[in-house]
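Student: could you look at this predicted model? Sequence included:
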Amino acid sequence: MEIWNAYTADGHLTDHTLTRGESIPDGLYHLVVECIIRHHDGSTLFMKRDSTKPSYPDYYEATAGGSALFGEIAEQAILREVREETGIELTADQLRHHTHFVAHDDQCIFHCYWAETDWDKAAIQLQADETSNYIWVPQENLKNFLETELVIPRQKDYVERLFLES
């Protein structure tokens, strides 16, 4: 059972807790974190979602991430999620906050980061029933990759804003 802190829409922590899978009361939100991983050589990591995933099966994800667990702040949650989903060990110093927004329909507060690493590109770990493959896309191929491959639309926008717009 996964327990989350509950927040108001403006990001203030409440005394309530939330449980994954249960309905979230009106006016409460949970914290979700995402991180785009870039290698020092300029390539970007994309993880392919498993074909059994209910949303966006077989799409590439530009981010590692998920829900912050009870007691975690955004930075702690993203370090854990990146480690669980890719095997990459980041430090808080590597995190660069990109944006945050409230998804009212999903009752989520998103904190989005990017990080640069020199992690061994061949040492990425897939997560059973979550991811089926990965690819490091070189900067010179990034625009074409985003135009020709199935990439989660919101995440595609992040990558374009961060690494393709001047």
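Tutor: Looks like it came in fine.

Student: mind checking how far the nearest residue to residue 64 once chain neighbours are set aside is from residue 152?
Tutor: In space, and not counting its chain neighbours, residue 64 is closest to residue 85: 4.2 Å by CB to CB, 6 or more residues apart in numbering. For the C-beta atoms, the positions are set from N, CA and C on the backbone; glycine is no exception. To residue 152, residue 85 is 14 Å away according to CB to CB, to the nearest Å.

Student: do residue 55 as well
Tutor: 9 Å.

Student: does the residue nearest to residue 64 count as helix, strand or coil?
Tutor: Residue 85 falls in the helix class when you classify it by DSSP: H, G, I helix; E, B strand; the rest coil.

Student: neighbour-wise, which of residue 85 and residue 152 wins?
Tutor: Taking other CB atoms under 10 Å, residue 85 and residue 152 do not tie; residue 85 has more neighbours (23 against 18).

Student: contacts made by stretch 4-20 with the rest, please.
Tutor: By CB atoms under 8 Å, 6 or more residues apart in numbering, the residues outside stretch 4-20 that reach it are 1-3, 24-25, 27-31, 67-72, 102, 104, 109.

Student: is there a quick PyMOL command that grabs whichever of these are buried?
Tutor: Only the buried entries of the contacts of stretch 4-20 go into this PyMOL selection, using 16 or more other CB atoms under 10 Å:
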select buried, resi 24+28+29+30+31+67+68+69+72+102+109
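
Student: check the most centrally placed residue in the chain and give its pLDDT.
Tutor: The centroid of the chain falls nearest to residue 34 when counting by CA atoms, centre = their mean (2.5 Å). Note for residue 34: predicted pLDDT of 96.

Student: now it: how far from residue 135?
Tutor: Applying CB to CB, one obtains 18 Å for the distance of residue 34 from residue 135.

Student: would you map the helices across the protein?
Tutor: In the chain, the helices defined using DSSP state H lie at 74-86, 139-148, 153-163.

Student: what would these look like in CSV with distance to residue 46?
Tutor: As requested, these are exported to CSV (distance: least, CB to CB, whole Å):
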stretch, distance to residue 46
helix 74-86, 11
helix 139-148, 8
helix 153-163, 9
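
Student: closest to residue 98 out of those?
Tutor: Nearest to residue 98 among those is helix 153-163 (6.4 Å), distances taken as CB to CB.

Student: and residue 15, how many neighbours?
Tutor: The number of residues packed near residue 15 is 6, by other CB under 10 Å.

Student: oh sorry, the question was meant for residue 81
Tutor: Neighbour count of residue 81, defined by other CB under 10 Å: 22.

Student: which residues touch it?
Tutor: Going by CB under 8 Å, 6+ apart, residue 81 touches 33, 35, 64, 65, 66.
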